[in-house]
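K.L.:
Provided below are the primary sequence and the corresponding predicted coordinates.
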Amino acid sequence: MSTKVVTGKVRLSFPALFEPVSFEDGPAKYSTMLLIPKSDKKTINKIREAEEEAKKNGVSSKWNGKMPKEIRSIIKDGDDTADEFPERAGMWVMTVRTDRKPQVVDAQLNPITDPGDIYSGVYGRVSINAYPYMFAKQAGVSFGLNNVQKVADGETLGGAARADEDFDEYEDDDDLI
């Protein structure tokens, strides 16, 4: 059983894939929040299986030979915060991070180098890896971010419009002045 998962089509929120960002004064990391449709049973089942495998690995690598009674999961029910974040309704939500800059490619596997091409609301597939941890006497399983594949544009989350949504192509016309 593997702890690595490649998701189906998910939506990205708060992507920081080209420059690392610091959270709560912690070290800067590359990251993104994944919005996984609850209807995508295949992806969530793969993620839960990887989480279970990471728990087994944690017994010997992190938890002194025994399974803790309580193990935290980073997978959250988006319906719990849908009042504040409507895009999370009907979604499983998880934030994945890495110290290493992820590769970001398009649907044809061409590298994406323009950070503007990856925004909150874009759709993609994401490679992640489950791992156990012990922090401040709390056991858990988290997922590290490996790589991202953009598969489709989507409506921008958070109310910000993209320039290509606001404007048509402009041709200089002296009559406008």
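P.N.:
That came in fine, so what should we check first? Owing to the predicted nature of the structure, the values given are computational and were not obtained by experimental measurement. Numbers count the residues shown, from 1 in each chain.
K.L.:
all contacts plus neighbour counts: C-alpha atoms, from now on.
P.N.:
OK.
K.L.:
pull out the buried residues from the biggest strand by length in the chain.
P.N.:
For the chain, the strand with the greatest residue count under DSSP state E is strand 138-152. Buried residues in strand 138-152, counting neighbours by 16 or more other C-alpha atoms under 10 Å, are found at 139-151.
K.L.:
any chance of TSV for the residues you listed, columns distance to residue 34?
P.N.:
Formatted as TSV, the buried residues of strand 138-152 follow (distance: C-alpha to C-alpha, whole Å):
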residue	distance to residue 34
139	22
140	19
141	16
142	13
143	11
144	12
145	11
146	13
147	13
148	11
149	13
150	13
151	14
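K.L.:
which two from the residues you listed end up farthest apart in space?
P.N.:
139 and 151 (34.5 Å; C-alpha to C-alpha).
K.L.:
for residue 15, what are phi and psi?
P.N.:
The phi and psi values for residue 15, taken as degrees, to the nearest 10, are phi -70, psi 130.
K.L.:
tell me who's in contact with it.
P.N.:
Neighbouring residues of residue 15 by C-alpha atoms under 8 Å, 6 or more residues apart in numbering: 31-33, 118-120.
K.L.:
again, only using 6 Å
P.N.:
31-32 (C-alpha atoms under 6 Å, 6 or more residues apart in numbering).
K.L.:
can you tell me how far residue 56 is from residue 132?
P.N.:
9 Å (C-alpha to C-alpha, to the nearest Å).
K.L.:
revised request: answer the last question for residue 126.
P.N.:
Taking C-alpha to C-alpha, one finds residue 126 at 19 Å from residue 132.
K.L.:
same question for residue 79.
P.N.:
Counting by C-alpha to C-alpha, the gap from residue 79 to residue 132 is 26 Å.
K.L.:
the more surrounded of those two?
P.N.:
residue 132 (24 against 17; other C-alpha atoms under 10 Å).
K.L.:
nearest residue to the more buried one in space, please, no chain neighbours.
P.N.:
Among residues not flanking residue 132 along the chain, residue 141 sits closest, at 4.4 Å (C-alpha to C-alpha, 6 or more residues apart in numbering).
K.L.:
my guess is the one you found meets residue 129, correct?
P.N.:
No. Counting by C-alpha atoms under 6 Å, residue 141 does not reach residue 129; the two are 10.2 Å apart.
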